[in-house]
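Peer 1: Predicted model follows, preceded by the sequence.
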Amino acid sequence: MRAPSLPAHVTAHGLTLTRLVQIGGDPAEASALARALGIADIQLVMPADGGPTGAIVGVPGPDTGFGWPMPDGAIALTPIAGVAPVQLRPLDALLAHLPPAPTLLVDLAADAIAGAARTLDQTAIVLLNSSDPDYGSARALWFDAGFVELDRGILVQSSQWGDVALPVANDGNAIAMPRIGEHGLFGNQVFRYAFLRLLAWKHGLGAQTGPWMGDTVFNLPQVPVRGPHLERVLQGDDRRELSVWRERSVPNFIAHHGYFQEQPDWMGRHRTLWRRMFRLKPELEAIIAPQVAAARGDGTLVTIHVRLYLNAIPNVPLMYVVPGRWYRHWLEQIWPTLDRPRLHIATEAPELVRPMFADFNPIDLPLPAGPYRPELLDWVMISRSDVVAFANSSYSRSAVLVADDRQRRFIADPAAQACVPYDPWADRWYWQRYFQWDGLNGIAGFLS
């Protein structure tokens, strides 16, 4: 059943597979699947009956003791009568010793995934037994390891995912976010969409959304909310929002409402999927890409994002404004180290911010003509700059998450009172650094 359907997925996603590793199951199935995929190199690995799947034992010689030969160099997961164990290693050691080539794994036990996830970079596709009662839990564990379900029982590494508009494998059940466009602007809505879509992928569900800014911006499927949903309100509690990712199942027809900006520590494995989700519609790309290219020229594009929160509620630390001198000191240090740097200032009030940086000759970037949201240009400039400094803003943080890994990122940190190096995929509790600090609102904070 798998062999006819899998090659179509491999072709659709442009995958090139050179080795098949079957863990357990029928060797005839491995052979048939390998022939269908044009794979000549097959390795077979046998799991222990009821034994620990998190440990492997090396077996000297080609005979497994199971009545059929195992290729040289393969490893059994169980001791064999009369053969002394030569090495005991965690399961990830097996994957680490596979050659650096895209690999197909079949039926790897779910409780071994956590240890194996660190060394799965060369594994393109995983096949699971979809009739297993624990299939849903196994799918969720593999998602944490960086794999997304293409079809029932067929998972692909998310970095290999070709088109985020492809339908998600599900049986008609869905989770929803009717209020995705409420309580927050562009950056907040990007985080909400990412949460809903990724959570749906993790559990094999459809994702339905109410109207939001991304509908007219990103090349994403638009699936409206259908039918009543029981709302689950988590807004304002980062820990409760984050705990949703630890759940091994999610009830169907639940409407989630919250900010969902804190990321689990494994989310970086899906960074390529994030970038593909938030690709511009082709007609917008045609408008904005020339603007970015003109801004960069033949040098290094540097962007600072200064959020002034001019309409913020007074005395709320999350909305205090980072002093402009932090950015200026950072620019003075980094500017001489860059190749022909060019400065773009992303802000909602350029007339108030630009004078402080006039000696850096900030780019005068005209708004392009065309049907697009004005706030989109700065967001794209942040995401495509070579070097970025930003502060307490969902808008710029969502942009650096979809940026290329080569981008150098710095964050204005109240504890350091300076712009310091920043890795958005390694950051935990992003907003906590801004919960309590001595700042001011609006232009007074910027000039302080």
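Peer 2: Arrived safely, thanks for sending.
Peer 1: Give me the domain ranges for the chain.
Peer 2: 2-160, 174-274, 280-447 (automatic domain parsing).
Peer 1: doesn't residue 334 fall inside a strand?
Peer 2: No - counting by DSSP: H, G, I helix; E, B strand; the rest coil, residue 334 falls outside a strand, being helix.
Peer 1: burial count for it?
Peer 2: For residue 334, the neighbour count with other C-beta atoms under 10 Å is 17. Placement of C-beta: from N, CA and C, glycine included.
Peer 1: isn't it right next to residue 360, touching?
Peer 2: No - between residue 334 and residue 360 there is no contact under C-beta atoms under 8 Å: 11.0 Å.
Peer 1: thinking again about what came up before, any chance of the domains of the chain in a markdown table with mean pLDDT as columns?
Peer 2: Formatted as a markdown table, these follow (pLDDT from 0 to 100):
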| stretch | mean pLDDT |
| --- | --- |
| domain 2-160 | 56 |
| domain 174-274 | 85 |
| domain 280-447 | 90 |
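Peer 1: residue boundaries of the helices in this protein?
Peer 2: 2-12, 27-37, 91-96, 113-116, 135-144, 186-203, 238-243, 271-277, 282-296, 324-334, 350-353, 375-384, 394-401, 442-447 (DSSP state H).
Peer 1: Turn those into JSON lines, including distance to residue 411.
Peer 2: Shown next, in JSON lines, are these (distance: least, C-beta to C-beta, whole Å):
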{"stretch": "helix 2-12", "distance to residue 411": "38"}
{"stretch": "helix 27-37", "distance to residue 411": "45"}
{"stretch": "helix 91-96", "distance to residue 411": "32"}
{"stretch": "helix 113-116", "distance to residue 411": "30"}
{"stretch": "helix 135-144", "distance to residue 411": "26"}
{"stretch": "helix 186-203", "distance to residue 411": "15"}
{"stretch": "helix 238-243", "distance to residue 411": "18"}
{"stretch": "helix 271-277", "distance to residue 411": "18"}
{"stretch": "helix 282-296", "distance to residue 411": "22"}
{"stretch": "helix 324-334", "distance to residue 411": "10"}
{"stretch": "helix 350-353", "distance to residue 411": "18"}
{"stretch": "helix 375-384", "distance to residue 411": "12"}
{"stretch": "helix 394-401", "distance to residue 411": "9"}
{"stretch": "helix 442-447", "distance to residue 411": "17"}
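Peer 1: who wins for proximity to residue 412 among those helices?
Peer 2: helix 324-334 (5.2 Å; C-beta to C-beta).
Peer 1: Mind giving me the packing neighbours of that closest one?
Peer 2: Here helix 324-334 touches strand 300-306, strand 387-390, strand 408-413, strand 418-421, going by 3 or more C-beta pairs under 8 Å, 6 or more residues apart in numbering; DSSP states H and E.
Peer 1: Could I get those in TSV, plus columns for mean neighbour count?
Peer 2: Converted to TSV, the helices and strands packed on helix 324-334 look like this (neighbours: other C-beta atoms under 10 Å):
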stretch	mean neighbour count
strand 300-306	25
strand 387-390	25
strand 408-413	21
strand 418-421	16
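Peer 1: For the closest residue to residue 246 other than its chain neighbours, give me its contacts.
Peer 2: Sequence neighbours aside, residue 264 is the residue nearest to residue 246 in space, at 7.7 Å (criterion: C-beta to C-beta, 6 or more residues apart in numbering). Going by C-beta atoms under 8 Å, 6 or more residues apart in numbering, residue 264 touches 144, 242, 245, 246.
Peer 1: ok, which pair from those is furthest apart?
Peer 2: By the measure C-beta to C-beta, 144 and 242 form the most distant pair in the contacts of residue 264, at 13.3 Å.
Peer 1: Pretty sure residue 341 sits against residue 299.
Peer 2: Yes - under the criterion of C-beta under 8 Å, residue 341 makes contact with residue 299 at 6.0 Å.
Peer 1: Looking at the two, which has the bigger crowd around it?
Peer 2: The neighbour count for residue 341 versus residue 299, taken as other C-beta under 10 Å, is higher for residue 341 (18 against 13).
Peer 1: what about that one, distance to residue 379?
Peer 2: Going from residue 341 to residue 379 by C-beta to C-beta, to the nearest Å gives 21 Å.
Peer 1: just residue 346 next, same as before
Peer 2: Using C-beta to C-beta, one gets 8 Å for the distance from residue 346 to residue 379.
Peer 1: which neighbours do the two share?
Peer 2: With contacts defined as C-beta under 8 Å, 6+ apart, the residues adjacent to both residue 346 and residue 379 are residue 396.
Peer 1: Between those two, which has more neighbouring residues?
Peer 2: residue 346 (26 against 23).
Peer 1: That one contacts residue 396, doesn't it?
Peer 2: Yes - if you go by C-beta under 8 Å, residue 346 and residue 396 touch, sitting 7.1 Å apart.
Peer 1: Give me the common contacts of the two.
Peer 2: What both residue 346 and residue 396 touch, as defined by C-beta under 8 Å, 6+ apart, is the set 305, 379, 382.
Peer 1: List the residues that contact the first one.
Peer 2: Just to be clear, that refers to residue 305. Per C-beta under 8 Å, 6+ apart, neighbours of residue 305: 346, 347, 378, 382, 388, 389, 390, 391, 393, 395, 396.
Peer 1: 10 Å instead, please
Peer 2: 322, 327, 344-348, 378-379, 381-382, 385, 388-391, 393, 395-397, 399-400, 412 (C-beta atoms under 10 Å, 6 or more residues apart in numbering).
Peer 1: Who is it paired with across the strands?
Peer 2: Residue 305 has these beta-bridge partners by DSSP bridges: residue 346.
Peer 1: my guess is residue 190 meets residue 181, correct?
Peer 2: No - with contact defined as C-beta atoms under 10 Å, residue 190 does not count as touching residue 181 (11.6 Å).
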